[in-house]
Structures are given as structure tokens and as C-alpha cells.
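[1] here are the coordinates; sequence isn't available:
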């Protein structure tokens with residue numbers, strides 16, 4: 001099968017945006033006991049015969065380093081940049097089909113925000129060429145990946161970046177039509193393509 005774009009521009013993985021090298025996110029992944037409960041001073045150490053400083057004795061110690069941080073644009077990018085392109089053995093990040101500046105989360109992520117509030121994630125994709133015949137499939141791959149990975153209160157919208165495709169209006173209508181998306185995902189052939197695209201996601 002002839003490829004739409006036989007010679008795409010390829011970014012080196014070292015050029016892709018990453019959180020590596022920066023201060024890592026500390027997220028409490030379980031709703032188990034607070035760290036201060038686990039580190040509370042044993043009762044016998046309260047005995048007057050023991051005068052030992054116990055690092056966990058302050059039950060009001062802050063658990064800030066274990067509080068969950070909101071999902072941000074970098075995290076969304078990390079989820080979708082490793083999706084394989086349906087034509088090339090390369091990721092959407094390497095082909096610059098998905099780019100960090102083209103991801104928008106509203107309302108803006110904030111620790112103070114209600115974690116269950118409806119949040120919109122908009123991803124604008126940039127096909128490698130203006131007449132890419134697989135733009136809709138790529139958009140579906142991005143949508144499926146995010147809908148599988150994000151919490152249920154996140155609404156995912158995927159669209160073609162303005163001016164990057166000769167039929168961007170038509171492709172955007174297809175990607176925004178929930179019934180067409182649902183029908184497409186029931187197509188075994190298309191589902192096989194999407195599964196292959198998502199195999200590289202971790």
C-alpha cells in the first residue's frame with residue numbers, strides 16, 4: 001500500500017517534551033492509612049522511661065508531598081505521544097502529529113479545584129501532510145487512548161489543527177459526531193488498526 005507521506009519529518013525522542021529531569025510528581029495512589037498513622041509513635045515509647053525522638057510523632061505533620069496533583073497538559077501529552085502512526089513505525093510524538101502546545105485543559109488544572117468537576121481536554125492534531133487520508137483514524141486513536149486513561153469526569157475532544165488539512169472541517173465533524181465514533185469503534189477492521197496503534201502505549 002502506498003503511503004500518504006513517504007518521507008515525514010521525524011523528531012528525535014530526545015527532542016520531545018518530557019517531565020524527566022524535573023521534580024517528579026508525588027501522587028498518593030491508594031486511599032489507605034495516612035502516612036502519619038503508619039508512622040505514629042508506638043504507645044510504649046510514651047512511657048516516661050523512654051526519651052526517644054520519633055520522626056513520626058507529630059500526628060499533624062503535613063501529607064502535602066503525597067497529595068494528588070491534577071492532570072496537566074504534559075501528562076495528557078505523555079499518554080498520546082507514544083501512540084503509533086498507522087502508516088509509519090513511529091510515534092505521533094516523533095512525527096509531531098501531537099504537540100504539547102496544542103493540548104488545552106479547561107478549567108485550568110488546580111489543586112484547589114473540585115477533582116470531580118467536569119473537565120474538558122482538547123487535543124488538536126497536525127497531520128504530516130494536508131491530504132492525509134488517515135487523519136480521522138489518528139484522531140480516533142487519540143480519543144480512545146484518552147477516554148481509556150482519564151477519569152470519567154474528563155470530556156475528550158479531538159480535532160484537526162486549523163489549516164493543517166485540506167478537509168479539516170469534514171474530519172472535525174466526523175470526530176465530533178459521537179454516533180459515528182461509536183459506529184466506527186464497532187468496525188472490526190478499524191478496531192484492529194486502533195489496537196495496533198495503541199500497542200506502544202504504556
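    Received it, and whenever you're ready, just let me know what you need. Nothing here was measured: the structure is a model prediction, and the numbers come from that model.

[2] elements contacting the host helix or strand of residue 79?
    If you go by DSSP states H and E, residue 79 is part of helix 73-80. Packing contacts for helix 73-80, counted by 3 or more C-beta pairs under 8 Å, 6 or more residues apart in numbering; DSSP states H and E, involve strand 103-106, strand 119-125, helix 135-149. Any C-beta I mention is one placed from the backbone N, CA and C, and that applies to glycine too.

[3] so which of those comes closest to residue 197?
    Closest approach to residue 197 among the helices and strands packed on helix 73-80 is made by helix 135-149 (4.5 Å; C-beta to C-beta).

[4] Give me the contacts around the closest one.
    Here helix 135-149 makes contact (C-beta atoms under 8 Å, 6 or more residues apart in numbering) with 76, 79-80, 83, 85-86, 92, 97-98, 121, 123, 125, 127, 132, 154, 156, 158-160, 165, 167, 171, 174-175, 181, 184-185, 190, 193-194, 197-198, 201.

[5] Would you write a ChimeraX line that selects the buried entries of those?
    To isolate the buried members of the contacts of helix 135-149 in ChimeraX, using 16 or more other C-beta atoms under 10 Å:
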select :76,79,80,83,85,86,92,97,98,121,123,125,127,132,154,156,158,159,160,165,167,171,174,175,181,184,193,194,197,198,201
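
[6] At which residues are the helices of the chain located?
    When assigned using DSSP state H, the helices of the chain occupy the ranges 35-38, 73-80, 135-149, 168-176, 178-185, 188-198.

[7] mean pLDDT for those helices: which is lowest?
    In terms of mean pLDDT, the lowest-scoring of those is helix 35-38 (a mean of 43).
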